[in-house]
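Trainee: 3D, please:
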Amino acid sequence: MIGPPQTDIACDACLDTSRPWTRGHAALKYEGTARKLALALKHGDRTEIAGPAGKWMANAISDYVTPDHHVIPVPLHWRRTTGRKYNQSALLAVELAKHLNLACFPLALSRTIATQALENVTKDERFTRLKGTISARSPDIISGKKIVLVDDVMTSGATLSACAEACKEAGAKEISIVVLARATKTH
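Mentor: Residues are numbered from 1 along each chain as shown. Take a look at the predicted model:
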């Protein structure tokens, strides 16, 4: 069974790497049942998981979002979307926005360059592969706005950093992130 959202999950990478967002939260730790749920949503066509997961994520950030926040998911490259049939982050963003009564813009960002899978590569390689791959498709939706970026799993933060940088370039006023699950280091 999954307990209440864990909103203050930190790891070594978060402590020693500057992030281009104001605050970030994870609903769950990426382990055990939470890991199974995230993988089932991402690779197992279990899209119904997005409903409760979006609610958990909404609970994780409900204390600081305001009605003027815009919810934007991490984009997939069109080839990956075609193969998977959906963008799991967009599904989570729609559900989160619904629970918080916020505007959601699933196509505000675009992954303009297809990247190789990021599994089993170093943090530095993740950042290198993602540099310049994401841009604002709709800068007017982002400019001067408070943005909440949504993703399913955060490992190194490279993908969310690339998205946050694209939002900054488009003139975002403030950027926060929320993820379903956060990978943490064990000591």
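Trainee: Please report the distance of residue 59 from residue 154.
Mentor: Going from residue 59 to residue 154 by CB to CB, to the nearest Å gives 17 Å. C-beta coordinates here come from the backbone N, C-alpha and C atoms, glycine included.
Trainee: quick one: which of the two has more around it?
Mentor: residue 154 (25 against 17; other CB atoms under 10 Å).
Trainee: Quick check: beta-bridge partners of the more buried one?
Mentor: With DSSP bridges as the criterion, residue 154 is bridged to residue 182.
Trainee: let's number from 39 now, not from 1
Mentor: Yes, from this point I'll number from 39; that puts the last item at residue 192.
Trainee: Pretty sure it sits against residue 216.
Mentor: No: using CB atoms under 8 Å, residue 192 is not in contact with residue 216, being 9.4 Å away.
Trainee: Need the overlap of contacts for those two.
Mentor: Common neighbours of residue 192 and residue 216 (criterion: CB atoms under 8 Å, 6 or more residues apart in numbering): 62, 64.
Trainee: Quick check: which ranges of the protein have low pLDDT?
Mentor: Under the criterion pLDDT under 70, the flagged ranges of the chain are 39-55, 119, 154-156, 224-225.
Trainee: Assign the most centrally placed residue in the chain to helix, strand or coil.
Mentor: Centroid check for the chain by CA atoms, centre = their mean gives residue 189 as the closest residue, at 2.0 Å. Three-state call for residue 189 (DSSP: H, G, I helix; E, B strand; the rest coil): strand.
Trainee: Show the contacting residues for it.
Mentor: 111-112, 127, 130, 197-198, 201, 215, 217-218.
Trainee: Check the spacing between it and residue 162 real quick.
Mentor: 20 Å.
Trainee: got it, and residue 223?
Mentor: Separation of residue 223 from residue 162 (CB to CB) stands at 16 Å.
Trainee: Check residue 127 too.
Mentor: Residue 127 sits 23 Å away from residue 162, going by CB to CB.
Trainee: Got phi/psi on the closest residue to residue 94 other than its chain neighbours?
Mentor: Nearest in space to residue 94, with sequence neighbours left out and distances taken as CB to CB, 6 or more residues apart in numbering, is residue 65 at 4.0 Å. Main-chain torsions, residue 65, degrees, to the nearest 10: phi -70, psi -30.
Trainee: hang on, residue 65 packs against residue 192?
Mentor: No: between residue 65 and residue 192 there is no contact under CB under 8 Å: 11.0 Å.
Trainee: Identify the contacts common to those two.
Mentor: Shared contacts of residue 65 and residue 192, defined by CB under 8 Å, 6+ apart, comprise 217, 219.
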